[in-house]
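**Student:** make a model of this:
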Amino acid sequence: MNTDLPQWLDRARNAPLFLLSFRYRDELAAIASNLGWRVIAARRLEGAAQRFIASGAIIAVVDLRGAGPAGLAAVAELSEAVEMNAAALLAIGARGSANILGAALSAGATHILSGAFGEANFVLALRSAERHALRMLANSDPQQLRSDFWRDHALGWEEEAGRVALSPALAARLKVEVSSLGFERFMALWPRATHPALAEAIEQVRADGKPRAITHRLTTTDVEPIAHHLRRDPQSLAVQGLIEPSPSERANGTTRTKDPLTTLNTMATARQWLSRNMAAHQLALMIGLTRFDMINGAFGRPTGDAVLRALGRRIDRIVTEICPETHMVARVAGATFLVAVGEDNDRGTLLVDELRAAIERPVIAEGHEVSVGCCIGGVERHSGESASEVVRRAGAALTTVRAQGTSAALILRDDARAREDGDAALATDLRAALDRNEIDLLFQPQVAISTGEIIGVEALARWGHPKHGTLGAATLFAVAERSDYLGALSTHIQKRAVEAARRWPSALDKLRLSVNVTAQDIARTGFAAAFVRMLDESGFPRARLTVEITESGLINDLGLAANLLAELRASGCRVAIDDFGTGYSSLAYLKALPLDYLKIDKALAQDIVGSVRDRVVVRGVIDMARSLGLAVVAEGVETEEQRAALAAQGVNYYQGFLCAEPLDVAALEKLVTQA
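**Tutor:** Sure thing, here's the model as predicted:
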């Protein structure tokens, strides 16, 4: 046991393991129990998310073997609760189930276990998941997690210091107009016959912290009993209750149909709607707000919640006005929304344009004027396509848009087959281009903002395709990711960059070189050692190299990323987060990772000359980075006004067209010599 952990986190290590297996529950539970885990095992999907949260577990295991569609549905149902509680979700698949496990990752799994199942592999996967969960907990704000718990889960309460806070849904169900009340009044809400058992269970949970559950009727008029789960919050020691809906409510799909924060549909309700409305030619749009975490960081959670409520109303109003006949709007999780409509091409295009315009208008929230951007990924539903598949494809379209690093929209139309054929041809061309060493590099200068001195460059890939013309790094990596060439492309660019820099003319021999690593690089066993070996073989000095990783590369396993970056940093390289502020931003990265530089995204950097509220957000990010000892690099600087404003806030370096576009070596040498 690590005695350096905070007390609440140390207790989290003793949290139970939640296990859901449709065929092998007892076998898996026995293995995990024999290895020391306290197992809460389930065989049914119904109420899985509620049971997971009530258990206090920090690891959820979903066994996909022999589960069919219910397995992926279980991952999807648990994923929101897992994310909200900074936990881990391990999906187990049989040999040859790569497609299913890939879908599980898309649905929210944080870890996977595939191939021939064995006790040793299971142990390693559980330990990896536990490590991930503990790191996530260590880098999470427990108060924020608790507020998410009450905001996002329907029938819950929390007792602390003699006061009980009710979730909005529970207050409405019990017909209580206040959300906080004394303990005696709280007890009076329940049927009198329930009082002895409930009071005893609460006192036991207070005393030993072990989760418990009792069964009783919610009100005197209810016919069916409900399961009432009790637990103690590991950080605050407050007693929490979560009520599992009755069997008929689960069967009828009547539980948690509305998101308590926005009153839009929940993800579960959205899937039900999509399953009932199977017509082709539907349009499904996944909408992700950009830079939303910056708002929470600058103005606080209440302002962020108010922004989500306001934008949820705007989205719902626009969709209802343009597509009144058939539509559905849901909040997926966090700052992501799902829209599904019966669509024709004209209305679909109009809908996307109107949604972007509405979302990007300023919002007045908690006395602050706040502006956000959005990315929209959309797909046309294929005939007979399942709800899970259409949601997955819409999510993939959103991911593609986000990778472009700007607020944009992408809708994949009915010519998807032609697109797929085109992608396959482009992937074949890419493989040949890699073999023939045809991927070129350009270098964009990085400039000391106070002196104007060029101190380094970022290596950027370019592909001169004979048919499609010059393709940039975003297109290259998107093609590579869809065709399993991502690792090969990343290694190719890294190697070419350091070898080219080693041969630079003497005028460039003091410049730093920045190269990018990907999420797949992080996941590769032994990547750091192989990377340093490649660097040494090239002859380029470790001390002049900066490794940059985008935020999206940190999402899957923050702990793994921290270890890899620490290893690279210990070898003598420097480390930077690239494109900070593109939509996934988590301020936890700044605390958890061994970093030298923070590179703020072009859109965020350019907000320095935006509205007063925009400037507050940018200044907040810069101040936090500097207080942690990080140098700040601003990307996409195009005007002297932007440069001067960023300099005034303490930004150290910039890159962008104000100095130069990406250059070949000859043009770079000329620019540096002239400077």
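**Student:** touching, Leu311 and Ser371? I think so.
**Tutor:** No: between Leu311 and Ser371 there is no contact, the gap being 11.1 Å when judged by CB atoms under 8 Å. C-betas here are computed from N, CA, C, even on glycine.
**Student:** can I assume Leu20 sits in a helix?
**Tutor:** No: counting by DSSP: H, G, I helix; E, B strand; the rest coil, Leu20 is not part of a helix but strand.
**Student:** tell me, how many residues neighbour it?
**Tutor:** Leu20 has 26 neighbours, counted by other CB atoms under 10 Å.
**Student:** that one contacts Ala49, correct?
**Tutor:** No: taking contacts as CB under 8 Å, Leu20 lies outside contact range of Ala49: 10.4 Å.
**Student:** need the residues touching each of those two.
**Tutor:** Leu78 (CB atoms under 8 Å, 6 or more residues apart in numbering).
**Student:** returning to what we had before: looking at Leu311 and Ser371, which has the bigger crowd around it?
**Tutor:** Leu311 (27 against 18).
**Student:** domains of the protein?
**Tutor:** Split into domains by automatic domain parsing, the chain comes to 7-139, 145-252, 267-414, 421-674.
**Student:** which one, of those domains, ends up nearest to Leu261?
**Tutor:** Leu261 lies closest to domain 145-252 among those, at 5.2 Å (CB to CB).
**Student:** tell me how far the closest one lies from the chain's centre.
**Tutor:** 30 Å (CA atoms, centre = their mean, to the nearest Å).
**Student:** for the stretch 551-675 of the chain, which segments count as helices?
**Tutor:** Using DSSP state H, counting those that start in this stretch, the helices of the stretch 551-675 of the chain run over 558-570, 588-592, 602-606, 612-627, 640-648, 665-674.
**Student:** so which elements touch the fourth one?
**Tutor:** Which is helix 612-627. helix 292-299, strand 368-370, strand 597-600, helix 602-606, strand 631-634 (3 or more CB pairs under 8 Å, 6 or more residues apart in numbering; DSSP states H and E).
**Student:** give the buried residues for stretch 350-360.
**Tutor:** By neighbour count with 16 or more other CB atoms under 10 Å, stretch 350-360 contains the buried residues 351-352, 354-356, 359.
**Student:** between these, which is closest to Ser236?
**Tutor:** Ile359 (35.1 Å).
**Student:** so how far is Leu283 from that closest one?
**Tutor:** 17 Å (CB to CB, to the nearest Å).
**Student:** now Ala330, which residues is it bridged with?
**Tutor:** Asn265, Leu338 (DSSP bridges).
**Student:** wait, it touches Phe337, no?
**Tutor:** Yes: using CB under 8 Å, Ala330 is in contact with Phe337, at 6.8 Å.
**Student:** packing partners for the longest helix seen in the chain?
**Tutor:** Secondary structure assigned by DSSP state H gives helix 301-322 as the longest helix of the chain. If you count contacts as 3+ CB pairs under 8 Å, 6+ apart, helix 301-322 packs onto helix 142-152, helix 292-299, strand 327-333, strand 336-342, helix 345-360, strand 363-365, strand 368-370.
**Student:** between Ala330 and Phe337, which is the more surrounded one?
**Tutor:** A count of neighbours by other CB under 10 Å puts Phe337 above the other of Ala330 and Phe337, at 30 against 26.
**Student:** residue boundaries of the strands in the stretch 1-150 of the chain?
**Tutor:** 17-21, 39-42, 59-63, 88-92, 111-113 (DSSP state E, counting those that start in this stretch).
**Student:** okay, the angle between the third one and strand 17-21?
**Tutor:** By that I understand strand 59-63. 10 degrees (axes from the mean of the first three to the mean of the last three CA atoms, to 10 degrees).
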